[in-house]
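>>> Pasting the sequence and the predicted model now:
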Amino acid sequence: MRELDINNTIEIIDKVLLPKSNYENKEIFPFVKFNSYCKTCNQINTIIIRPFETGHALSNLFVKNILSKELILKHGVAKKAAKWQSHLGELILFNVPALYTFNKCGNCNQLFLLVFGIGEVQPGRMVCQISGLWRVKEKK
Ligand SMILES: [Zn+2]
């Protein structure tokens, strides 16, 4: 899939089923790689997450009005951080900061929102948890 920047408001269509949502240590470096099936055109796309390189802070989504906080919580994209987790940002995943990217299907240009969290949950234990991949469209 091609990664791209989206600055318009989006609408969530549905969630895409992924083969696996939890990657640890060796599976993360040099990158997390998995395939996903485009429900719009049936093409298989490859998604790559490079730790500490791929992704933007999830707060961009509501700060830039791309997706409201209410919809983020409603669709289970991320959770509200508890007070003691506030250093991780307002919205989190599994005790690590939430990040997102937009990707387009290489065949039909269907837009997808990928949300994941990456970080060290215990000393020496790095995890990459994928919250989900959503089929989305830009509101015109
Ligand atoms: Zn497609």
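In hand now; what should we look at?

>>> quick one: contacts for the spatially most central residue of the chain?
With distances taken as C-alpha atoms, centre = their mean, the residue of the chain nearest its centroid is Val115 (1.2 Å). By C-beta atoms under 8 Å, 6 or more residues apart in numbering, Val115 lies in contact with 58, 77-78, 93, 98-100, 130-134. Any C-beta I mention is one placed from the backbone N, CA and C, and that applies to glycine too.

>>> hmm, 10 Å instead?
Contacts for Val115 (C-beta atoms under 10 Å, 6 or more residues apart in numbering) come out as 55, 58, 61, 72, 75-78, 91, 93, 98-101, 129-134.

>>> Name the surrounding residues that touch stretch 12-19.
Under the contact criterion C-beta under 10 Å, 6+ apart, stretch 12-19 has outside partners 34-40, 47, 67, 71-72, 74-77, 110-114, 130-137.

>>> how about the CA coordinates for the longest strand seen in the chain, as CSV?
In the chain, taking DSSP state E as the definition, the longest strand is strand 125-138. Output of strand 125-138 as CSV, limited to C-alpha atoms (Å, rounded to 0.1, in the frame of the first residue of the first chain):
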residue,chain,number,x,y,z
ARG,A,125,10.0,-6.0,25.8
MET,A,126,9.0,-4.0,22.8
VAL,A,127,5.5,-4.5,21.4
CYS,A,128,3.7,-3.3,18.4
GLN,A,129,-0.1,-3.6,18.9
ILE,A,130,-2.4,-3.0,16.0
SER,A,131,-5.6,-1.4,17.0
GLY,A,132,-7.0,-1.9,13.6
LEU,A,133,-7.2,-1.1,9.9
TRP,A,134,-10.3,0.7,8.9
ARG,A,135,-11.7,1.3,5.4
VAL,A,136,-12.4,5.0,5.3
LYS,A,137,-13.4,7.7,2.8
GLU,A,138,-12.8,11.4,2.7
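
>>> by contact count, what packs against that strand?
strand 10-16, strand 22-24, strand 32-37, strand 44-49, strand 91-93, strand 96-104, strand 111-122 (3 or more C-beta pairs under 10 Å, 6 or more residues apart in numbering; DSSP states H and E).

>>> Much appreciated, bye for now.
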